[in-house]
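Chemist: Build the 3D model from these lines:
(chains A, B, C and D)
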2 protein chains.
Amino acid sequence: MDQVLKSQRTKQLILDESYKLFYEHGFKTTSIDKIMRTASLTKGAFYHHFQNKKELGLTIISQKLQNRIYDKMISPLYDQGDASEIILKTFNERLNSFSLYEKQHGCSLNNFINEIGDYETAYQSAMKRIVDEWKAGLIHVLERGKSEKTLRDELSSAAIAVYIISAFEGIRGIRKLYNDDTIIEEYKLAFINYIQQLKK
Amino acid sequence: MDQVLKSQRTKQLILDESYKLFYEHGFKTTSIDKIMRTASLTKGAFYHHFQNKKELGLTIISQKLQNRIYDKMISPLYDQGDASEIILKTFNERLNSFSLYEKQHGCSLNNFINEIGDYETAYQSAMKRIVDEWKAGLIHVLERGKSEKTLRDELSSAAIAVYIISAFEGIRGIRKLYNDDTIIEEYKLAFINYIQQLKK
DNA sequence: GTAAAAACATACCGACTAGTATTTTTAGTT
DNA sequence: AACTAAAAATACTAGTCGGTATGTTTTTAC
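Modeler: Presented below is the predicted three-dimensional model:
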């Protein structure tokens, strides 16, 4: 079954390289030719593994984007501990882990959303699934905090979750315009303050 | 001077049509041919009025985007009245004025930022100018509120301004993924709440 | 009423695009 | 060693891209 393994590796290579190129140069403006040249493969190999560019895009969204957001931003929200601490820690750790490369090119999900979020319903719903899962994770920890009486319960958890996600995705875009981290630091200050005032 | 007038009208037509097409389909993926076909003109006319696509892009940013943001989001911030009310009113009025078309396609500035914010420094700094001006408007009204003792002064106005802008731009992108306004309503709730808690 | 200049149109270039059809290479089986 | 089927490479189609060179029409100035 060595052939199966090699085939899987080739497919994964195509996914990895195209993810990188989409992230750096956009989805619509990255050609299959470019991807396969980067992967040192040819177009024939591509159309062996994928039906068309759309299938590749959907795979990138539902696998690469989904997994990245889940591992770094959603999964930690289900950890044990004080609710506001969990949220602070999750977002701060992510913010502090950004490389220059990631700061310059923003959030891959946000890039996809803004480029093809209004393009085709298939892409739309694939990305919606990720945002909904993220929102659900935040609602979960917020509700837990409320029931444990550590968080105020005047405002709906859904509203708070949406506001947190919006601001985070927003700053990932805006940071692209700057050459230093001032704007990120300002965001961080406000974010910490926002979470603090949710506490009882 | 009729010739001058006609020439100006043609240039303005090119700007208007290209703005619309960029907004709906993206900057990089909208061709000069497409723009001129939409404007019922030819490529010769385009290269008479603009050196190249880059000059068109920069003009769109520094004129169309700049003016839209300034008129609707920045200028009202310098009005008289209670600081928190001014902010609430400015953002709420904009949020309530969105057509379905605008909800589906997001914020034109945000789209540009996420598509070409990491593409070329010329675009970058043109857009940075807009964000900085917006941020300055918010800082102005926040500082006024603080000096008038209607707003708390623990948190830096710059941080608050960045957080407000980030969340607003973020939600404009995320809304693209949904077919109804639930997510916008949730954002609005959280936004109003955020401004309320800034008050003394 | 004519010449210069500005405004726009037409035709084209070489490079690139998504996608397809065909051929060659590779690996596993008999 | 012969055969087979999957994987990958090559060649190609029909069309688009940004940009240029040159032609034609319209307007202005004298």
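Chemist: Helices of chain A, residue ranges please.
Modeler: Secondary structure of chain A (DSSP state H): helices at A:2-25, A:32-38, A:43-49, A:53-59, A:66-69, A:83-97, A:100-105, A:108-116, A:121-147, A:157-174, A:182-196.
Chemist: So is the longest one next to chain B?
Modeler: Yes: residues of helix A:121-147 are located near chain B by CB under 8 Å from any CB of the partner chain, namely A:124-125, A:127-128, A:131. All C-beta spots, glycine's among them, are computed from the backbone N, C-alpha and C.
Chemist: quick one on the thing from earlier: so which of the helices of chain A is nearest B:L95?
Modeler: helix A:157-174 (12.3 Å; CB to CB).
Chemist: can you pull the buried residues of the closest one?
Modeler: A:157-174 (16 or more other CB atoms under 10 Å in any protein chain shown).
Chemist: wait, does that helix contact chain B?
Modeler: Yes: counting by CB under 8 Å from any CB, contacts between helix A:157-174 and chain B involve A:158-163, A:165-171, A:173-174.
Chemist: And stretch A:85-102, by the same measure?
Modeler: No: judged by CB under 8 Å from any CB, stretch A:85-102 and chain B are separated, with a smallest distance of 9.9 Å.
Chemist: Let me know the average pLDDT across that stretch.
Modeler: Averaged across stretch A:85-102, the pLDDT comes to 98.
Chemist: returning to that earlier point: in the residues of helix A:121-147 next to chain B, which residue is surrounded by the most others?
Modeler: A:M127 (23 neighbours; other CB atoms under 10 Å in any protein chain shown).
Chemist: Return the per-residue confidence for that one.
Modeler: Here, the pLDDT recorded for A:M127 equals 97.
Chemist: what's the answer for A:M1, then?
Modeler: 52.
Chemist: If you count neighbours, what's buried in the helix or strand of chain A with the lowest mean pLDDT?
Modeler: Between all helices and strands in chain A, the lowest mean by mean pLDDT, DSSP states H and E belongs to helix A:2-25, at a mean of 87. Buried residues in helix A:2-25, counted by 16+ other CB under 10 Å: A:10-11, A:13-15, A:17-23, A:25.
Chemist: now, among these, which is nearest to DNA strand C?
Modeler: A:H25 (9.3 Å; CB to the nearest atom of the strand).
Chemist: Now do the contacts for A:I113.
Modeler: A:127, A:169, B:173-174, B:176-177 (CB atoms under 8 Å, 6 or more residues apart in numbering or on different chains).
Chemist: That one and DNA strand D: what is the separation?
Modeler: Using CB to the nearest atom of the strand, to the nearest Å, A:I113 is found at 23 Å from DNA strand D.
Chemist: cool, A:T150 as well?
Modeler: Taking CB to the nearest atom of the strand, one finds A:T150 at 53 Å from DNA strand D.
Chemist: go on, A:G145?
Modeler: 49 Å.
Chemist: just checking, that residue touches A:L151?
Modeler: Yes: contact criterion CB atoms under 8 Å: A:G145 and A:L151 qualify, at 3.5 Å.
Chemist: where do the contact lists of those two overlap?
Modeler: Common neighbours of A:G145 and A:L151 (CB under 8 Å, 6+ apart) are A:83-84, A:198.
Chemist: Residues in contact with stretch A:146-163: which ones?
Modeler: A:82-84, A:134-135, A:138-139, A:142-143, A:145, A:194, A:198-200, B:167, B:171, B:174, B:183, B:186-187, B:189-191, B:193-194.
Chemist: Stretch A:34-51: end-to-end distance?
Modeler: This stretch, stretch A:34-51, spans 17 Å end to end (CA to CA, to the nearest Å).
Chemist: Can you list the neighbours in contact with that stretch?
Modeler: So stretch A:34-51 is in contact with A:7, A:10-11, A:13-14, A:17-18, A:20-21, A:32-33, A:56, A:59, going by CB under 8 Å, 6+ apart.
Chemist: Close to DNA strand D: what parts of chain A are there?
Modeler: Contact residues (CB under 7 Å from any atom of the strand) of chain A with DNA strand D: A:3-4, A:6-7, A:10, A:40-45, A:48-49.
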